[in-house]
Every structure is written in C-alpha cells, then in structure tokens.
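S.K.: Provided below are the primary sequence and the corresponding predicted coordinates.
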Amino acid sequence: MVNQYETVFIMTPVLSEEQMKETVSKFRDYLKSKKADIVLDDSWGMRKLAYPIQKKSTGFFHLLEFKAEGEIIKEYEVAFKRDERIMRFLTVKLDKHAVTYNEKKRRISKEKEKANA
Amino acid sequence: MAQQNSDIKYLTPIAVDTKKKKYCRFKKSKIKYIDYKDPNFLLKFVNEQGRLLPRRITGTSTKYQKKVAQAVKRARHIALMPYVGDLLK
C-alpha cells in the first residue's frame, strides 16, 4: 500500500552548510534506495526554535514529502533516531485533504516564483 | 409629560449588547486540512500561555477542534510553537 508521507526534521546548528546538505542527501538517498517517490524537498534554512532543544535555540529545518510503502517508515525513522545531527523529527501520513492542500500550496508558490522571474 | 416619557422608556426593550452567534470557521470557509507547519495561524487557537482554547470560546466544531488540537501538538513537537509560553500575543 503506497501512502504519501511528510517528514520535518531539525538538524543541529553546529553543522556547516555542506554537512547540512550531506545529512539531507543521506535521507533523500535512503528513500530513493527504498523506491520511494520524492514529491517535495524543501529547506527552510536556519530557524529559531520556540524552546531550546539540546541547549540550542536554533536549527536547520528541512521538509521532505514522499510517496512510499508503509513498511519502510519504521526503519526510516530508526535512521533518524541514530543520527546525532538530527535534533528532532516528525513523520506524518498525509490524508487526502492534506495532499490536496499541499498541492495547492506548491502551485501557488510556483506561480509566485514565475511572477518574480 | 415627564411621566409619559418614563413609561415609554420601559415599553421599549432596554438595549443590552446582543451576543454574536459563534460559528466554526473551518466549516464556514470550507477548510479541510489544518497545517501544523503554520504557527501563526494556530496561534488563534491558544491562549497567551500557549494552551489550547476550549471550543466554547473559539466556536470550532468538535470535528475540527480535534484536528486543531492535533496540529498544535505537532507544531509543539517540532519547536514551531512552545509547550509553555508567556505573552505569546
């Protein structure tokens, strides 16, 4: 059964730009190796946290949206837990309303980009 | 004359500020999905300390109150909203 999922994760601010990109690509490649279909790959950049995590008040946020088999999620989340560079993560299964909402949001942002270009 | 005027005063109903009927904003504007990644929107459903407001104050229907609660909890987990705060608004 293929579902659509969405993961938000926070990386420690001590990483350099390259290390951050490497971490992201690690998880992206993991998903690809499990035949997941990545829908959206969005970096929010450095953001302030609403409360400190591991005594840090900022972090790199990243959002991954993908279509995958439900069975791979467990192992995928274990990979997050084991990675020391990840401070927090959240994987959510998207229902049909969420999928349409995200599609609409993506369309709007695309149009904005076009307007700016 | 003065007597008559005071009589009339009581015949018309005394103007008390009439309460506006509350409504569920999700039902009204047909919002189906509440995004947990948008803390500014979710801020409308919490008080100054960051606690969820009850339905009787916001007017949200049961169905969507559940979703609001879920979204706020998710937002807290990924540090977009505080678990406890002070003077959020």
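M.R.: Alright, I've got the coordinates.

S.K.: so A:Val39 sits in a helix?
M.R.: No: looking at A:Val39 with DSSP: H, G, I helix; E, B strand; the rest coil, it is strand, so not inside a helix.

S.K.: and the gap between it and chain B?
M.R.: Relative to chain B, A:Val39 is positioned 15 Å away (Cβ to the nearest Cβ, to the nearest Å). Every residue, glycine included, has its C-beta placed from N, CA and C.

S.K.: show the model's pLDDT score for the residue nearest to that residue when sequence neighbours are not counted.
M.R.: Closest residue in space to A:Val39, ignoring its immediate chain neighbours: A:Glu65 at 4.4 Å, by Cβ to Cβ, 6 or more residues apart in numbering or on different chains. The model reports A:Glu65 with a pLDDT of 92.

S.K.: quick one: A:Glu65 and A:Glu6 touch, right?
M.R.: Yes: between A:Glu65 and A:Glu6 there is a contact under Cβ atoms under 8 Å: 4.7 Å.

S.K.: between these two, which contacts overlap?
M.R.: A:Leu94, A:Asn102 (Cβ atoms under 8 Å, 6 or more residues apart in numbering or on different chains).

S.K.: can you give me the helices for the chain?
M.R.: Since you didn't name a chain, this refers to chain A. Along chain A, counting by DSSP state H, helices occupy A:17-33, A:72-82, A:96-116.

S.K.: that's the wrong chain, I meant chain B
M.R.: B:2-11, B:25-28, B:39-42, B:55-58, B:62-77.

S.K.: ok, the spatially most central residue of chain B to A:Glu6 distance?
M.R.: Residue closest to the average C-alpha location in chain B (Cα atoms, centre = their mean): B:Thr58, at 2.2 Å. To A:Glu6, B:Thr58 is 26 Å away according to Cβ to Cβ, to the nearest Å.

S.K.: what is the neighbour count of B:Met81?
M.R.: If you count neighbours by other Cβ atoms under 10 Å in any protein chain shown, B:Met81 ends up with 23.

S.K.: could you do A:Thr23 as well?
M.R.: 19.

S.K.: next one: A:Ile72
M.R.: For A:Ile72, the neighbour count with other Cβ under 10 Å is 17.
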